[in-house]
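K.L.:
prediction below, plus the sequence it came from.
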Amino acid sequence: MKLHLVTALAISTLSLTAAAQDFPNKPITFVVPFAAGGPTDTVARQLAESMRKHLNNATIVIDNAAGAGGTIGANKVARATPDGHTLLVWHIGMAATPALYRKLPYKPLDDFEYLGIINDVPMTLVGKPQLPANTYRDFENYIRANQGKLNLGHAGLGSASHICGLMWQYAVKLDKSLTTVAYRGTAPAMNDLIAGTIDVMCDQTTNTTQQIEAGRIKAFAVTTAKPLSDHPLLKYYPSLQEMGLKDFDLTIWHGLYAPKGTPAPVVKKLNDALRAALQDPEFIQKQRALGAIVPSPRDRRITPEGHKAFVTSEIAKLKAVVDAAGQYAD
Ligand code: ASP
């Protein structure tokens, strides 16, 4: 009996090692739970370009499995074969959705291997080009004067744009909230904002910077506690705290996940490749240009344990935000 157990253990250790030595032995898929061309898609594509160099130049394909604020894509990865070839690139939604969706089809802390944080991304409060306001003060006054008439686009319940919209409306204490319009990602929402079909959005700098620069949309403020003084364009916009919204401080983040049960040596290979990408000057530069910050090699969140501990604390923090707003998905 004992001998069988020892033999079985030896075989499974051998096959784990073999799986890791062999990995990757086919294309890797990054599941992005939002529409193509949006902020999470942009991060995933830039990361794929850099990570593949550290994974024997493996092909990395992007699968945009959008819907239900990201939970459809997350569920797809939770159910995928745990061999490291199907990974999830998701953001703060991993921590926000447990509070919003009281019945999730997967368990955020049990059904994934945590591979590390990818970036931190500030957000911007933006409006359609036709809005009469040009400063944050005028913008807030305009919104107040038109309560009940304006709408806010977001990428589904639990998305970053949804959380930010909730937090901002809660902070400015409007009598009537904006009518929300849900999209499969802020890429399609951005098209409607540019066209003037929706009025307002709070979206990641990775999706708004180029549009602001091109004058296609108006920007009024950044959501970080302090202005983004290092960024050549975003430094011109005040922080919401400066504009009187006490304690307003929102930076969202992205992380990389594999299905639970992915062999430890494969998890290590993926974490090593992620950490190498986070030190790739090209990746860092591309992210910076879009206002995002790549974590330093000393950031504990780039380790599997640190990433999981961080998401655990974010789940508690975001539950308080969602409970304060009192809006749930079901
Ligand atoms: N990350 C989403 C997207 O890629 C946007 C959001 O969460 O607000 O479209």
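P.N.:
Arrived safely.

K.L.:
Thr124: what secondary structure?
P.N.:
For Thr124, the secondary-structure state derived from DSSP: H, G, I helix; E, B strand; the rest coil is strand.

K.L.:
now do the residue nearest to it when sequence neighbours are not counted against the ligand, distance only.
P.N.:
Here the nearest residue to Thr124 in space, its sequence neighbours aside, is Thr208; by CB to CB, 6 or more residues apart in numbering that works out to 4.7 Å. Glycine gets a C-beta too; all of them are placed from N, C-alpha and C. From Thr208 across to the ligand, the span is 11 Å (CB to the nearest ligand atom, to the nearest Å).

K.L.:
swap in Leu125?
P.N.:
13 Å.

K.L.:
and that residue, what is it in contact with?
P.N.:
By CB atoms under 8 Å, 6 or more residues apart in numbering, the contact set of Leu125 is 136, 139, 164, 168, 200-202, 219-223, 240.

K.L.:
flag every residue of the stretch 101-250 of the chain that's near the ligand.
P.N.:
Residues of the stretch 101-250 of the chain that fall close to the ligand, judged by CB under 6 Å from any ligand atom: His154, Ala155, Ser159, Ala160, Ser161, Gly185, Thr186, Ala187.

K.L.:
so which residue is smack in the middle of the protein?
P.N.:
His91 (2.4 Å; CA atoms, centre = their mean).

K.L.:
pretty sure it contacts Thr40?
P.N.:
Yes. Using CB atoms under 8 Å, His91 is in contact with Thr40, at 5.9 Å.

K.L.:
need the residues touching each of the two.
P.N.:
With contacts defined as CB under 8 Å, 6+ apart, the residues adjacent to both His91 and Thr40 are His254.

K.L.:
got phi/psi on the residue nearest to the centre of the chain?
P.N.:
phi -120, psi -150 (degrees, to the nearest 10).

K.L.:
tell me the SS of the residue lying closest to it once chain neighbours are set aside?
P.N.:
Spatially, and ignoring its direct neighbours in sequence, His91 is nearest to His254 (4.7 Å; CB to CB, 6+ apart). Reduced to three states with three-state DSSP, the structure at His254 is strand.

K.L.:
any weak-confidence spans in the stretch 201-330 of the chain?
P.N.:
Judged against pLDDT under 70, the low-scoring parts of the stretch 201-330 of the chain cover residues 330.

K.L.:
coming back round to it: among the contacts of Leu125, which lie within strands?
P.N.:
The members of these that map onto strands under DSSP state E are Val200, Met201, Cys202, Ala219, Phe220, Ala221, Val222.

K.L.:
drop anything exposed from those residues.
P.N.:
Members of the ones in strands among the contacts of Leu125 that pass the buried threshold by neighbour count (16 or more other CB atoms under 10 Å) are listed as Val200, Met201, Cys202, Ala219, Phe220, Ala221, Val222.

K.L.:
all the strands of the protein, in order from the start?
P.N.:
When secondary structure is read from DSSP E, the chain shows strands at 28-32, 60-64, 86-91, 112-127, 151-154, 179-182, 200-204, 218-222, 251-259.
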